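**Student:** Here is the input, now give the coordinates:
(one chain, ligands or ions: 1)
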Amino acid sequence: MQEPLIHRTIRGYQLTQWLGAGGMGEVYMAQHQTTRRTAAVKVLYRADQAARFRNEAYIQASVQHPHIAALYEYVIEDSTPCIIMEYVEGITLEKLIKRQGRLPESFVWKVLAQVATAVAHLHQKGIIHRDLKPGNVKVNKDSFAKLLDFGIAKSAYTPKLTQEGYIVGTAHYMAPEQFQGKVSMQSDCWALGVLLYEMLTGYLPFNGRTETEIRVKIEKGDYTEPDLLAPQISKRSKRLIGKLLRVNPTSRISAAALIQELESPQSDNGFGLADWVDNLTEFVEKLPVKRWFKNR
Ligand SMILES: Nc1ncnc2c1ncn2[C@@H]1O[C@H](COP(=O)(O)OP(=O)(O)OP(=O)(O)O)[C@@H](O)[C@H]1O
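**Tutor:** The predicted model follows:
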């Protein structure tokens, strides 16, 4: 990849290092020449994505949260839109999992709790992220996590950017309903379940050689029990994965309830009445007779 913009200055920020390129733009580390503030500058390289890029800036500007990278400015430089935002130190969860495989459970819970507060904050504001994945979460050396990317997020004011039926998001993290073009806040919660599974086991819960293979597994909620891959994981984590990876979005745990769950002091073996009712609901939902009625 070329680094053509290095040393250029955009609104007082000198681009010092190329960080990478995503679906819409290239991202650089930059430093403000007067204030010395460090920032990340995302420069749009696909003119056809200008509306989506503006939407990303609009959504990022509308949220202020400790676990979400802050937007500093949205500018047009030589006819090219640029997002100037907080530079987030650390490593993405994607790189961390690639490097280390499964991650320690105490670390995973800490990270999940932070990401869940960011997601709950978005949901409170009526924003669906739609692209939660390990590559979009950065963690620093103090295990402080931040969400990075709002490229395909959707709020009530998002213009219709995709054709009817066009699927947005990364297939591995997509919720069953997204394949029918039905996206909701609960779809983000499914992605959190995939993220949790991947952090704890080092493997994706739904994988395959083709997108169709992945889709079939997702639609059936067909994944290998996580403790078969990582025997040390607690029953509590296993249950939480089960509550997030529910095929029916209405019986899937919400981000706000997930935070409560993560904060509640329970022993690993504590299996309360609520868990019991929950398991029963899931069992009934999986009964073929219910599916038979639904298909009539
Ligand atoms: N605010 C930021 N602070 C630090 N690094 C960032 C920031 N935003 C993005 N990056 C890094 O820049 C690179 C490109 O990011 P970008 O979000 O454009 O694409 P991506 O996440 O790799 O792909 P996609 O957009 O297709 O999901 C990634 O390595 C990402 O970690």
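**Student:** and this protein, which residues reach the ligand?
**Tutor:** The chain has residues 19-23, 25, 27, 40, 42, 69, 85-88, 92, 135-136, 148-149, 151 near the ligand, with proximity defined as C-beta under 6 Å from any ligand atom. C-beta here means a position set from N, CA and C on the backbone, and glycine is covered the same way.
**Student:** Now, of these, which are buried?
**Tutor:** Among the residues of the chain next to the ligand, the ones that count as buried by 16 or more other C-beta atoms under 10 Å are 25, 27, 40, 42, 69, 85-88, 92, 135-136, 148-149, 151.
**Student:** Least confident of those residues?
**Tutor:** Model confidence across those bottoms out at Gly151, which has 67.
**Student:** where does the stretch 51-200 of the chain dip in pLDDT?
**Tutor:** Per-residue confidence for the stretch 51-200 of the chain (pLDDT under 70) gives these ranges: 151-169.
**Student:** Could you pull out the helices in it for me?
**Tutor:** When secondary structure is read from DSSP state H, counting those that start in this stretch, the stretch 51-200 of the chain shows helices at 93-100, 105-124, 185-201.
**Student:** and those helices as TSV, adding mean neighbour count?
**Tutor:** What follows is the helices of the stretch 51-200 of the chain, written out as TSV (neighbours: other C-beta atoms under 10 Å):
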stretch	mean neighbour count
helix 93-100	15
helix 105-124	20
helix 185-201	24
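**Student:** Which among the ones you listed is found nearest to Pro81?
**Tutor:** Closest to Pro81 of the helices of the stretch 51-200 of the chain, according to C-beta to C-beta: helix 105-124, at 22.4 Å.
**Student:** With only the CA atoms kept, save the closest one in PDB.
**Tutor:** Written as PDB, here are the backbone C-alpha positions of helix 105-124 (Å, rounded to 0.1, in the frame of the first residue of the first chain):
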ATOM      1  CA  GLU A 105     -11.600 -14.800  31.100                       C
ATOM      2  CA  SER A 106     -11.100 -12.000  33.600                       C
ATOM      3  CA  PHE A 107      -9.700  -9.800  30.700                       C
ATOM      4  CA  VAL A 108     -12.500 -10.800  28.400                       C
ATOM      5  CA  TRP A 109     -15.200  -9.800  30.900                       C
ATOM      6  CA  LYS A 110     -13.500  -6.500  31.500                       C
ATOM      7  CA  VAL A 111     -13.400  -5.700  27.800                       C
ATOM      8  CA  LEU A 112     -16.900  -7.000  27.200                       C
ATOM      9  CA  ALA A 113     -18.300  -4.800  30.000                       C
ATOM     10  CA  GLN A 114     -16.700  -1.700  28.500                       C
ATOM     11  CA  VAL A 115     -17.900  -2.500  24.900                       C
ATOM     12  CA  ALA A 116     -21.300  -3.300  26.300                       C
ATOM     13  CA  THR A 117     -21.600   0.100  27.900                       C
ATOM     14  CA  ALA A 118     -20.600   1.800  24.600                       C
ATOM     15  CA  VAL A 119     -23.200  -0.300  22.700                       C
ATOM     16  CA  ALA A 120     -25.900   0.400  25.300                       C
ATOM     17  CA  HIS A 121     -25.100   4.100  25.000                       C
ATOM     18  CA  LEU A 122     -25.500   3.900  21.200                       C
ATOM     19  CA  HIS A 123     -28.800   2.000  21.600                       C
ATOM     20  CA  GLN A 124     -30.100   4.600  24.100                       C
END
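**Student:** Can you tell me which helices and strands it packs against?
**Tutor:** Packed against helix 105-124 by the contact rule (3 or more C-beta pairs under 8 Å, 6 or more residues apart in numbering; DSSP states H and E) you find strand 137-139, strand 145-147, helix 185-201, helix 235-244, helix 255-263.
**Student:** now it and helix 235-244, what's the angle there?
**Tutor:** Here helix 105-124 runs at an angle of 30 degrees relative to helix 235-244 (axes from the mean of the first three to the mean of the last three C-alpha atoms, to 10 degrees).
**Student:** let's have the chain start at 43 instead
**Tutor:** Shifting the count to begin at 43 puts that one at helix 147-166.
**Student:** So which residues make contact with helix 147-166?
**Tutor:** Residues outside helix 147-166 that contact it (C-beta atoms under 8 Å, 6 or more residues apart in numbering): 105, 107, 109-110, 135, 170-171, 174, 179, 181, 185-189, 195, 227, 230-231, 234, 237-238, 241-242, 274-276, 279, 296-298, 300-301, 304-305.
**Student:** Narrow those to those that are buried.
**Tutor:** 105, 107, 109-110, 135, 170-171, 174, 179, 181, 186-189, 195, 227, 230-231, 234, 237-238, 241-242, 275, 279, 296-298, 300-301, 304.
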